[in-house]
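Visitor: let me see the structure of the following:
(one chain, ligands or ions: 2)
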Amino acid sequence: MLTELLSGWITHQRWFAGKGRPIDELHVESDIELRPGLRHLIISVRQAGERDRYQLLLGAEGETDGRFSHARIGEGYYDALYDPDLTGTLLEAMADDRDLGPLRFRHLEGVEIDTSLRSLVLGAEQSNTSLVYGETYICKLFRRLIPGVNPELEIVTALARHGAGHIAQPYGWIETDLDGEPTTLAMTQEFLATANDGWALALTSVRDLYASLEPSASDAGGDFSSESYRLGVATAEVHRELAAAFPTGVMESQDVKQMVEDQRRRLAQAITEVPDLVEHARVVEDAYQRVADVVSEIPVQRVHGDYHLGQVMRTTTDWVVLDFEGEPGQPLAERRALSSPLRDVAGMLRSFDYAARHLLADNPDAGSLRPRAVEWAELNRSSFLAGYSAGGGSLRAEDAVLLRALEMSKAVYEVTYEARNRPAWLPIPMAAFQAGR
Ligand SMILES: Nc1ncnc2c1ncn2[C@@H]1O[C@H](COP(=O)(O)OP(=O)(O)O)[C@@H](O)[C@H]1O
Ligand SMILES: O=P(O)(O)O[C@H]1O[C@H](CO)[C@@H](O[C@H]2O[C@H](CO)[C@@H](O)[C@H](O)[C@H]2O)[C@H](O)[C@H]1O
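Guide: Ligands and ions are numbered 1, 2, ... in the order given. I've put the predicted structure just below:
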């Protein structure tokens, strides 16, 4: 039976969020034929009293001669995202604005979609699955479905309508209604075929510095600081465009205090998950208390929300920002809430620290290289901030208190993220709390 096959298969998928817990019940909530041999399924999975929904494209093995054995779900079925003969249907349906049962396929007004392109599943699959069509489009299918419009789609379509730069052009999306709310199932954007992601570029620079005999980070071959500066400029421009495309506001003193309370609660929660964090609680608390004491108002707007070097790509001409989805795992309302743009600035500052330190983790020369790591991080952090100011980003002297607290808050988030996902990397955010990093 299909539901039994799916129960056995889903627990082995990287994007399945409920690993390690038995499935109490799985049923197919929606089953729509997109074309002969291709069905779109939304399945509901109940585990320990909680329910999650996932989507998949189901192919019928029929005449496929075992070509999709690597994507097999079970007797008679496979994951059709791996079948380029079938995935063209998604592009065609978006290009035609088709309604197929409860599924709505849409494209952005004024764009043309080339429906002849064939797809490949992008290797870097994580919590979602992306298809790259030719070298032109990337279509990201959200695997675990959260009712509501995905913030990434909401933001890039609004920015594109305002003619903003620094984003990958959106082309189309797929949606349906879940719990009465329009819900994004997938979105298609320009694929930046020749771009490199910021994390990879930064690591190349850090490696060059470690290998170099030059005495300082700015003299070594792979200096990254001019890129950090340009990234700062681009970040300020994206913030300005977000402020123009969405409402803005001011967080008043009462709400600032509430925000500080929320951060304290998050810290306490993180300590229950990672008890070693308690050693640094004082430092974090002090940073939060300073905000409560001296910050009375904070300008707020829509922001990226999970800004780091892996979310920015360098094309031949400039930096492009991806993945405006906020922190994964946070409720949608929180990810869409107005916030200080300094939150993104703090996220990127943390990322420079990550890039500098992560190569030290299993390096026998770590001790002697640490000062170079600190130097690299400081140089690139300050270049980024200089670029952010030069690009028109607001960075007043009094913002230092808020920026410090936001960096501490991000590091607390990273501690739980690493403990859950990559325990070997836990020392990286832990180092953020030490004086004289
Ligand atoms: N528009 C794009 N052009 C080229 N590569 C992209 C694009 N969007 C995403 N990628 C690649 O896919 C990776 C993961 O994308 P992302 O949207 O961050 O997925 P996730 O939400 O699963 O983290 C990125 O680091 C980048 O390498
Ligand atoms: O990219 P995602 O939206 O999935 O973000 C999550 O995963 C990130 C790691 O891939 C994580 O980022 C942390 O590690 C990065 C290096 O891999 C580093 O550049 C970031 O500064 C650091 O926060 C991110 O926090 C998490 O939400």
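Visitor: residues of the stretch 51-200 of the chain that sit close to ligand 2?
Guide: Proximity of the stretch 51-200 of the chain to ligand 2 is confined to residue 199 under the rule CB under 6 Å from any ligand atom. For every residue, glycine as well, the C-beta is placed using N, CA and C.
Visitor: what are the ranges of the strands in the stretch 51-200 of the chain?
Guide: Applying DSSP state E, counting those that start in this stretch to the stretch 51-200 of the chain gives strands spanning 72-74, 77-79, 99-100, 103-107, 119-121, 128-133, 137-142, 144-145, 170-178, 181-190, 196-197.
Visitor: contacting residues around residue 296?
Guide: Contact analysis of residue 296 by CB atoms under 8 Å, 6 or more residues apart in numbering lists 252, 253, 256.
Visitor: who wins for neighbours among those residues?
Guide: Neighbour counts for these, by other CB atoms under 10 Å, peak at residue 256, which reaches 19 neighbours.
Visitor: what's the nearest residue to that residue if we skip its chain neighbours?
Guide: residue 295 (5.6 Å; CB to CB, 6 or more residues apart in numbering).
Visitor: and the closest residue to residue 342 other than its chain neighbours, how far from ligand 2?
Guide: Leaving aside its chain neighbours, residue 342 sits nearest to residue 403 (5.2 Å; criterion: CB to CB, 6+ apart). Distance, residue 403 to ligand 2, using CB to the nearest ligand atom, to the nearest Å: 15 Å.
Visitor: can you give me phi and psi for the residue nearest the centre of the chain?
Guide: The centre of the chain sits closest to residue 323, judged by CA atoms, centre = their mean, with a distance of 4.7 Å. Backbone torsions for residue 323, taken as degrees, to the nearest 10, come to phi 60, psi 60.
Visitor: against residue 128, how distant is it?
Guide: Residue 323 sits 10 Å away from residue 128, going by CB to CB, to the nearest Å.
Visitor: next: residue 398.
Guide: Residue 398 is 39 Å from residue 128, where distance means CB to CB.
Visitor: for residue 275, same thing?
Guide: Residue 275 is 32 Å from residue 128, by CB to CB.
Visitor: more crowded one of those two?
Guide: Higher neighbour count among residue 275 and residue 128: residue 128, with 16 against 9, using other CB under 10 Å.
Visitor: name the nearest residue to residue 225, sequence neighbours excluded.
Guide: Leaving aside its chain neighbours, residue 225 sits nearest to residue 383 (4.0 Å; criterion: CB to CB, 6+ apart).
Visitor: got the contact list for the closest residue to ligand 2 within the stretch 1-150 of the chain?
Guide: Nearest to ligand 2 in the stretch 1-150 of the chain, going by CB to the nearest ligand atom, is residue 126, at a distance of 6.1 Å. Shown in contact with residue 126 (CB under 8 Å, 6+ apart): 14, 15.
Visitor: now do the residue nearest to residue 225 against residue 431, distance only.
Guide: 21 Å.
Visitor: report how many residues lie close to the residue lying closest to residue 112 once chain neighbours are set aside.
Guide: Spatial nearest neighbour of residue 112, chain neighbours left out: residue 95 (7.9 Å); criterion: CB to CB, 6+ apart. Residues near residue 95, counting by other CB under 10 Å, number 19.
Visitor: list the residues that contact residue 95.
Guide: Contacts of residue 95 were listed using CB under 8 Å, 6+ apart, and they are 107, 112, 113, 115, 172.
Visitor: switch to 10 Å and redo it
Guide: Residues in contact with residue 95 (CB atoms under 10 Å, 6 or more residues apart in numbering) are 105, 106, 107, 111, 112, 113, 114, 115, 171, 172, 188.
Visitor: surely the second one meets residue 172?
Guide: Just to be clear, that refers to residue 106. Yes - at 5.8 Å, residue 106 counts as touching residue 172 under the criterion of CB atoms under 10 Å.
Visitor: tell me which of the two has more neighbours.
Guide: residue 172 (24 against 20).
Visitor: tell me who's in contact with residue 423.
Guide: Contacts of residue 423 (CB under 10 Å, 6+ apart): residue 274.
Visitor: quick one: stretch 16-27 near ligand 1?
Guide: No - counting by CB under 6 Å from any ligand atom, ligand 1 has no neighbours in stretch 16-27; the shortest distance is 12.8 Å.
Visitor: so for that stretch, what gets flagged as buried?
Guide: Within stretch 16-27, the residues scored as buried using 16 or more other CB atoms under 10 Å are 16, 17, 18, 23, 26.
Visitor: more neighbours: residue 383 and residue 431, which one.
Guide: residue 383 (22 against 19).
Visitor: that one and residue 371: what is the separation?
Guide: From residue 383 over to residue 371 (counting by CB to CB), the distance is 19 Å.
Visitor: centre of the chain to stretch 377-387, how far?
Guide: Using CA atoms, centre = their mean, to the nearest Å, the mean C-alpha position of stretch 377-387 is found 22 Å from that of the whole chain.
Visitor: my understanding was that residue 210 contacts residue 355; is that so?
Guide: No - assessed by CB under 10 Å, residue 210 is found out of contact with residue 355, at 11.9 Å.
Visitor: any shared contact partners between these two?
Guide: With CB under 10 Å, 6+ apart as the test, residue 210 and residue 355 both reach 373, 376.
Visitor: so between the two, which is more surrounded?
Guide: residue 355 (27 against 19).
Visitor: give me every residue that touches residue 408.
Guide: 263, 267, 280, 283-288, 291, 346, 350, 432-433.
Visitor: err, residue 320, not the other one
Guide: Contacts of residue 320 by CB under 10 Å, 6+ apart are 165-169, 190, 192, 195, 197-198, 234, 238, 311-314.
Visitor: bridging residues for it?
Guide: residue 313 (DSSP bridges).
Visitor: give the buried residues for the helix or strand harbouring residue 42.
Guide: Per DSSP states H and E: residue 42 is located in strand 38-47. Under the neighbour-count criterion of 16+ other CB under 10 Å, strand 38-47 has 38, 39, 40, 41, 42, 43, 45, 47 buried.
Visitor: report the beta-bridge partners for the fourth one.
Guide: Beta-bridge pairing of residue 41 under DSSP bridges involves residue 31, residue 56.
Visitor: does it really touch residue 30, like I thought?
Guide: Yes - under the criterion of CB under 10 Å, residue 41 makes contact with residue 30 at 6.9 Å.
Visitor: who touches both of the two?
Guide: Here residue 41 and residue 30 share the contacting residues residue 55, scored by CB under 10 Å, 6+ apart.
Visitor: residue contacts, residue 29?
Guide: So residue 29 contacts 41, 42, 43, 44, 51, 53, 54, 55, 145, 178 (CB under 10 Å, 6+ apart).
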